[in-house]
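Novice: Dropping a prediction and its sequence here:
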Amino acid sequence: MDDFDRRLRDRLATLARAVPVAIQPAPSTPTIRPVLRPRWSGVSLLAATTSVILVVGIAIAVTGHVWQTPSASGPPGVATSPVSTAAEGPSRSPAATAILSASPSATPTRPPADVALPYPAGCAAYRLSPRRCAYIVDWALGQAGIDAGHATVRLLGDPACDGEPAGCVAVRTTTFVVRVRVIATSGSASDHPVFCGLGSETSMLCSDTPLIRVSTPISSYHDVPCGPGPGGEPGSRCATPVPTIAPPAAADADPLEVAATTIPIDHVGPYSVDMGDALLPNGILSQTTATLTDDRRSDVLIPQGIHLEVLGPDGKPLENAYAQGWRPGIERVDVRLDFTVEAFDAGATLEITDIVVR
């Protein structure tokens, strides 16, 4: 028993020495308290963990909020703010409520067909840019043969919907744009509706950035022409195939190849730009290419497109291999770019690349 008491006293003394004793500082020295790192037993750690979980649960129950981390399914590269699932309550402003509850607006309807709007104020009602609207009005004045200074212009809806409620849709293969009414000072009036369909993308009547097409003769050059049978009776007689290119002529041929050329636009009207010449084997055309680097333009309008012309010794374009026929040796041809500018902005240019004729 005495030995047990001694061991117990030694154990208590050891435990007492393990507990740090706070040192009372001088009155002028700030109090420094050492950080205690108690040894947790298995039971104590479980109790502490349970307490933390209990405290967190109480906090959630009191606040009523659950916060979500940014979802991984959101748009890549866009940070998502935490979103509360609790109702916003009266703290949400009326403006915010209206924005959050609003549904996407429907496409705005155009004015009724029989309502005449003044120009240019009415352009926006038909979703026309000022530039395109001015172009359409100028076209209508030209159709009417009246100068702008001697006419009043009004914009109206689909002529097939006159007297019908707004939203009338006429069944047709083209799309209605606007109807321009030109009223002369004499009082006479004429309507000029604009419709757009397949192939109309080359005109500013139908696009703010009309397409400029580039054509070359090779697209239809090798089409086989056929005509009526002998004596004009029904049936067809097709052209005789053109002989193939002879090797000596192929060796003497000299194609035209232009990597790029810049054409300044300085006037309205026709252009004919000489690109050089080529030597064709046996007079047979086998390749023609030309590319406009920027073919959607608003600064220069060429509704009829740009044509690469290949002219024979007689000055006439080569249009069909069977009409051209086979020539001995080589044949010199001239190459040019032909087009007509309808309108342009100062400083406009055309950049043509990959011009090849062989």
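Specialist: Looks like it arrived, so ask away.
Novice: Find the nearest non-adjacent residue to Asp254, please.
Specialist: Leu279 (4.1 Å; C-beta to C-beta, 6 or more residues apart in numbering). Every residue, glycine included, has its C-beta placed from N, CA and C.
Novice: Now do that neighbour, the pLDDT please.
Specialist: At Leu279, the pLDDT value in this model is 98.
Novice: for it, which residues make a bridge with it?
Specialist: Here Leu279 sits in beta bridges with Asp254, Arg332, going by DSSP bridges.
Novice: how much space between Pro193 and Cys161?
Specialist: From Pro193 over to Cys161 the distance is 11 Å, taken as C-beta to C-beta, to the nearest Å.
Novice: More neighbours: which of those two?
Specialist: The residue with the greater number of neighbours, taking Pro193 and Cys161 and applying other C-beta atoms under 10 Å, is Cys161; the counts read 20 against 16.
Novice: unless I'm mixing things up, the more buried one is touching Arg110, no?
Specialist: No: under the criterion of C-beta atoms under 8 Å, Cys161 makes no contact with Arg110, lying 9.7 Å away.
Novice: For Asp354, list the residues it contacts.
Specialist: Residues touching Asp354, when contacts are defined by C-beta atoms under 8 Å, 6 or more residues apart in numbering, comprise 259-260, 289-291.
Novice: Recalculate using a threshold of 6 Å.
Specialist: The neighbourhood of Asp354, defined by C-beta atoms under 6 Å, 6 or more residues apart in numbering, consists of 289, 291.
Novice: pretty sure Asn282 is touching Trp326, no?
Specialist: Yes: with contact defined as C-beta atoms under 6 Å, Asn282 reaches Trp326; the gap is 5.3 Å.
Novice: higher neighbour count, these two?
Specialist: Higher neighbour count among Asn282 and Trp326: Asn282, with 21 against 16, using other C-beta under 10 Å.
Novice: Can you name the helix or strand that the closest residue to the more buried one other than its chain neighbours falls in?
Specialist: For Asn282, ignoring the flanking residues on the chain, the nearest one in space by C-beta to C-beta, 6+ apart is Ala249 at 4.7 Å. In the assignment (DSSP states H and E), Ala249 maps to helix 247-252.
Novice: which residues are contacting that helix?
Specialist: Counting by C-beta under 6 Å, 6+ apart, residues outside helix 247-252 touching it are 281-282, 329-330.
Novice: got the residue ranges for the helices in the stretch 151-300 of the chain?
Specialist: Per DSSP state H, counting those that start in this stretch, the stretch 151-300 of the chain has helices spanning 218-221, 247-252. These are given in chain order.
Novice: winner for burial among these?
Specialist: Using mean count of other C-beta atoms under 10 Å, the stretch among the helices of the stretch 151-300 of the chain with the greatest mean number of neighbours is helix 218-221 (a mean of 14).
Novice: ok, and what's touching that one?
Specialist: Helix 218-221 has contacts (C-beta under 6 Å, 6+ apart) with 285, 288, 321.
Novice: any idea how far Pro217 is from the last one?
Specialist: Counting by C-beta to C-beta, the separation of Ala321 from Pro217 is 10 Å.
Novice: Tell me which of those two has more neighbours.
Specialist: Neighbour count, other C-beta under 10 Å: between Ala321 and Pro217, Ala321 has more, with 23 against 19.
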